[in-house]
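Visitor: please work out how this folds:
(one chain, ligands or ions: 1)
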Amino acid sequence: MDNPFDLSGKAAIVTGGNGGIGLGMAEGLARAGASLVVVGRNAAKNEAALARLAKLGARAIAVQADVARRDAWQRIVAAALGEFGRIDVLVNNAGISLRKAPQDFSLEEWRDILDTNLTAAFLGAQAVYPEFKRLGAGKIINTGSLCSILGGAFNVPYTASKGGILQLTRGLAVAWAKDNIQVNAVLPGWIETDLSKRARASIPGLDERVLARSPAGRWGRPEDHAGVAVFLASRASEFITGAAIPVDGGYSIQLL
Ligand code: NDP
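Guide: Okay, here's the model as predicted:
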């Protein structure tokens, strides 16, 4: 039997694929044979990611774009189709966070976080749908968070956006199952990236608390998301849709 995890000949768009968890997933997809479209706002980070993907022998392009803007998605899809002629996988992973008490957030900050973390994923899904229909298949992987299922006192807009990602995943999964499109979420735990660096440096005792509560006894790494990305992007997960898979070393399932 052929390898159900093989992604040769497939093309994947990864938002926020120029660093952190997104690059970890992009490298996993590249190793499995996929071509990549990396999307991020920062051109230098995009170039650095392309260099890493080239080392794996992957075909890859970058699109400099703000995924929260609807017009960006026309460019992203056009670039993917122009380069690879198809889109098989969309990874909605770009995300931002801001830590402060809920009463201190401005409306603009709330909107920025919701637009980037949640609305962009919806726009992305809408943008790739016609191509998935044409191919008769498609995979969407949304990056949620443990904040999709747990409350955080100092990141309420982020928590709202990540709760929304979980329900967006389920809604799209139900709507598009008949089109052979599977939509799933990954819920990263505490992962060493630029996003968590600030929290780790500024919150006293965070490091110790994360280590004490994590059965795996360590912070996660971007490359911990490579395998789950390949699984959810491949034929191996054909009958799995609307699922949310924690990638957290057991953080969310430990009683004490
Ligand atoms: P990083 O800050 O390392 O990565 C964020 C990525 O998103 C970057 O590639 C960034 O690229 C991109 N990005 C942000 N805003 C936009 C935008 N408007 N348009 C396009 N790209 C954008 O953080 P992580 O890797 O940690 O985060 C990735 C995802 O994982 C996020 O959704 C985050 O919420 C989630 N997550 C992270 C956890 C952690 O502990 N680190 C835990 C749970 C979830 P650029 O700057 O070039 O735009």
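
Visitor: give me the distance between the nearest residue to residue 157 once chain neighbours are set aside and residue 165.
Guide: Spatial nearest neighbour of residue 157, excluding adjacent residues (C-beta to C-beta, 6 or more residues apart in numbering): residue 113 at 4.2 Å. C-beta coordinates here come from the backbone N, C-alpha and C atoms, glycine included. Distance of residue 113 to residue 165, given as C-beta to C-beta, to the nearest Å: 12 Å.

Visitor: residue 178 now?
Guide: 22 Å.

Visitor: between these two, which is the more surrounded one?
Guide: Per other C-beta atoms under 10 Å, whichever of residue 178 and residue 165 has more neighbours is residue 165, with 25 against 7.

Visitor: just checking, the more buried one touches residue 144?
Guide: Yes: using C-beta atoms under 8 Å, residue 165 is in contact with residue 144, at 4.5 Å.

Visitor: overlap in contacts of the two?
Guide: residue 185 (C-beta atoms under 8 Å, 6 or more residues apart in numbering).

Visitor: thinking again about what came up before, now do the contacts for the residue nearest to residue 157.
Guide: Contacts of residue 113 (C-beta under 8 Å, 6+ apart): 96-98, 157-158, 161.

Visitor: mind checking how far residue 54 is from the ligand?
Guide: Noted for residue 54: a distance of 18 Å to the ligand, by C-beta to the nearest ligand atom, to the nearest Å.

Visitor: I should have written residue 118 there, sorry.
Guide: The separation that residue 118 has from the ligand, given C-beta to the nearest ligand atom, amounts to 10 Å.

Visitor: so that residue touches residue 159, yeah?
Guide: No: with contact defined as C-beta under 8 Å, residue 118 does not reach residue 159; the gap is 11.3 Å.

Visitor: close to the ligand: what parts of the stretch 51-200 of the chain are there?
Guide: Neighbours of the ligand within the stretch 51-200 of the chain, by C-beta under 6 Å from any ligand atom: 66-68, 93-96, 116, 143, 145, 188, 190-191, 193-196.

Visitor: in ChimeraX, how would I select just the buried ones from those?
Guide: Selecting only the buried entries of those in ChimeraX, with 16 or more other C-beta atoms under 10 Å as the criterion:
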select :67,68,93,94,95,96,116,143,145,188,190,191,193,195,196
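
Visitor: need the pLDDT of residue 1.
Guide: Note for residue 1: predicted pLDDT of 64.

Visitor: what segments of the stretch 1-150 of the chain are strands?
Guide: Secondary structure of the stretch 1-150 of the chain (DSSP state E, counting those that start in this stretch): strands located at 11-15, 35-40, 60-64, 89-92, 138-143.

Visitor: to residue 82, which of the ones you listed lies closest?
Guide: strand 60-64 (8.9 Å; C-beta to C-beta).

Visitor: buried residues in the closest one?
Guide: Buried-residue list, strand 60-64, by 16+ other C-beta under 10 Å: 60-64.
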